[in-house]
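*Asks:* The following comprises the amino acid sequence and a computationally predicted model.
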Amino acid sequence: MSDPANITLVTMDGTTFTVPSAYLHRSKLVQDWLRSEGDKQAMEVKHVTPFVLQGVLNFCEIHAEDTSEPLADPADPTKPFEADPRDDAFRGMPDDQLLQFTMAADILQIPELVRLTAQEMASRIDGKSPDQIRAMFNPDDLAEEDVDSDNEMGEVGEEGAISK
Amino acid sequence: MSGVNRSPANMNTVPNEILQTILENLEIDQLFQVMKVSVRWREAVYSALSVRFQDTTVTLWIDQEGHRSCQPKFKFESYNSKIIRFVPLKPNGAEVYNQSFGLQKPVLRLITVGTNEHIDYLEKEGNVSVKHTGRKTLLGSDFSSSDKQLHTWSFSYSVDHFYRGDREVSGERVLTPESFECSISFLNPARAHKAKLLWYLKKQTRFLNKNHQRKKINGDATSSDVEDFLHGGVSKDDLYRIKVHKPPGSDDVSQPLSNPLVIFGTLTLITKVSPRVDATSSRASLALLDPRVELVPFCT
């Protein structure tokens, strides 16, 4: 049985992390799990790698003492996002890692981390052309006939003829 | 947590909700750019835009011969199927107009979004009919030369007699705005215009505005009214996209592939009629303009 003061998380490959429960007081998933009935040996965090979970736990540890009210929604417009120097590790992170952190934060339901990583990813997208964004993310559903492209635009003339 | 920069990142496995959360952090003009990335991104952008527009107001600028100016403001009410519905910010906000003989009808001059009153989203002015009382809808379809798309909107309002005390004032009408709906693309700031004198003159020049349509509906506009207006009486089944194929083995870039276009109504017959179009289209006469052109049913 886990110590109530600590919680053990198990990643997709079986790696375990035991941390103080207080670190994860902003994780709705963990709080719901702690309140639920049944065996509390360890909590499985599927789809999260040890590297990413370690980063998430670092974030939680850094912010464990924060007294701000927990965010109900990552997109809460009443609480404007303010960059925190303690989160600089996320700023220099490669795009794919940043996405993994966003997904892990979403799985663990930590709105503050979802907002931080989403905001950082949005800042990387901001100002880029569609082609540059495609190069960043290589979307696999690109359908030429359905998506506008800046240099392939024709127009309908007066009689419906195509003009360039 | 640093690492080697690996690209591209795999956004394809990220749930739509997260993609939308990311996109909600972008400004509106950037969201319209991002819309072109892919079909999936476009859908996420529509959802993100609907969230961004929840804090936005739309203002309609109406006057009658330069007088009795009113600017009803609308706030977000709902979003459904790429259509945003706005309702009056202040309920019961009304203006009195005169429909006497010799006076021009009130005119919808501008549509502005948010606090910026110097950017106009309306391609052509529209007459606001106040002669008969009751509920009315002004439908608009604006063709934007910047993005080569039709942008639709509708303004619903009610018209009542004007009373001073218990006495009806002849010729005076009270116009009460009820709702404003538009396609989300109508609110793309990239297609809007700086409200300068030259722009006002262009809006009033009839031959420059043939691509923009206006229609008045008495009473509530039904979906078939809107459909008829937007598609010239042609149902969605008769709509086709034009797809231009690059000739096999050709690297000719002097004739780039045309972007798919939605065609409605009658096209000028050029050379070769597609059998599939003949078989399925009863109301529109469509033809291939070029052997490279394929007509693809819009509703597939």
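*Replies:* Right, received. Where do you want to start? Remember, it's a predicted structure, so these values are computed and weren't measured experimentally.

*Asks:* Tell me if the longest helix belonging to chain A is near chain B.
*Replies:* For chain A, the helix that runs over the most residues, judged by DSSP state H, is helix A:111-125. Yes: interface with chain B: helix A:111-125 contributes A:114-115, A:118-119, A:121-123, A:125 (Cβ under 8 Å from any Cβ of the partner chain). Heads up, the C-betas are built off the backbone N, CA and C, glycines and all.

*Asks:* can you redo those as JSON lines with neighbour count and pLDDT?
*Replies:* Below are these laid out as JSON lines (neighbours: other Cβ atoms under 10 Å in any protein chain shown; pLDDT from 0 to 100):
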{"residue": "A:V114", "neighbour count": "26", "pLDDT": "93"}
{"residue": "A:R115", "neighbour count": "22", "pLDDT": "91"}
{"residue": "A:A118", "neighbour count": "27", "pLDDT": "93"}
{"residue": "A:Q119", "neighbour count": "18", "pLDDT": "92"}
{"residue": "A:M121", "neighbour count": "28", "pLDDT": "95"}
{"residue": "A:A122", "neighbour count": "20", "pLDDT": "94"}
{"residue": "A:S123", "neighbour count": "13", "pLDDT": "94"}
{"residue": "A:I125", "neighbour count": "21", "pLDDT": "95"}
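
*Asks:* How is chain B divided into domains?
*Replies:* Domain assignment for chain B, taken from automatic domain parsing, gives B:11-53, B:56-231, B:236-297.

*Asks:* Tell me which of those domains sits most buried.
*Replies:* domain B:11-53 (a mean of 20; mean count of other Cβ atoms under 10 Å in any protein chain shown).

*Asks:* how far does that domain sit from the chain's center?
*Replies:* Relative to its chain's centre, domain B:11-53 lies at 20 Å (Cα atoms, centre = their mean, to the nearest Å).

*Asks:* ditto for stretch B:203-223
*Replies:* 11 Å.

*Asks:* can you check stretch A:54-65 too?
*Replies:* 14 Å.

*Asks:* do stretch B:217-229 as well
*Replies:* So, by Cα atoms, centre = their mean, the centroid of stretch B:217-229 is 15 Å from its chain's centroid.

*Asks:* Kindly format the C-alpha coordinates of that stretch as CSV.
*Replies:* Taking C-alpha atoms only, stretch B:217-229 is exported to CSV below (Å, rounded to 0.1, in the frame of the first residue of the first chain):
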residue,chain,number,x,y,z
ILE,B,217,-37.0,38.2,-47.0
ASN,B,218,-40.3,39.1,-45.4
GLY,B,219,-40.7,37.1,-42.2
ASP,B,220,-38.3,34.4,-41.0
ALA,B,221,-35.9,33.3,-43.6
THR,B,222,-36.2,29.5,-44.1
SER,B,223,-33.3,27.3,-44.9
SER,B,224,-34.6,26.9,-48.4
ASP,B,225,-34.8,30.7,-48.8
VAL,B,226,-31.1,30.9,-47.8
GLU,B,227,-30.3,27.9,-50.0
ASP,B,228,-32.0,29.5,-53.0
PHE,B,229,-30.3,32.8,-52.4
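
*Asks:* Need the mean per-residue confidence for that stretch.
*Replies:* Here stretch B:217-229 scores 74 as its mean pLDDT.

*Asks:* do the same with stretch B:44-54
*Replies:* 91.

*Asks:* touching chain A at all, that stretch?
*Replies:* Yes: applying Cβ under 8 Å from any Cβ, one finds stretch B:44-54 touching chain A at B:V51.

*Asks:* Likewise for stretch B:215-231?
*Replies:* No: contact of stretch B:215-231 with chain A (Cβ under 8 Å from any Cβ) is absent, the minimum separation being 13.2 Å.

*Asks:* Skipping adjacent residues, who's closest to residue 24 in space?
*Replies:* Just going to use chain A. A:V30 (4.3 Å; Cβ to Cβ, 6 or more residues apart in numbering or on different chains).

*Asks:* wrong chain, I was asking about chain B
*Replies:* In space, B:E24 is closest to B:A48, 4.7 Å off (Cβ to Cβ, 6+ apart).

*Asks:* Helix, strand or coil: sort out that neighbour for me.
*Replies:* helix (DSSP: H, G, I helix; E, B strand; the rest coil).

*Asks:* Isn't it up against B:I28?
*Replies:* No: between B:A48 and B:I28 there is no contact under Cβ atoms under 8 Å: 9.3 Å.

*Asks:* list residues touching both of the two?
*Replies:* Counting by Cβ atoms under 8 Å, 6 or more residues apart in numbering or on different chains, B:A48 and B:I28 have no common neighbour.

*Asks:* does the nearest residue to B:G219 once chain neighbours are set aside sit in a helix, a strand or a coil?
*Replies:* Among residues not flanking B:G219 along the chain, B:R135 sits closest, at 5.6 Å (Cβ to Cβ, 6+ apart). Secondary structure, three-state DSSP: B:R135 is strand.

*Asks:* wait, what's in contact with B:S69?
*Replies:* Neighbours of B:S69 in contact, by Cβ under 8 Å, 6+ apart: B:61-63.

*Asks:* Filter the residues you listed down to just the ones in strands.
*Replies:* Residues of the contacts of B:S69 located in strands (DSSP state E): B:61-63.

*Asks:* With chain A as the reference, measure out to B:V169.
*Replies:* 45 Å (Cβ to the nearest Cβ, to the nearest Å).
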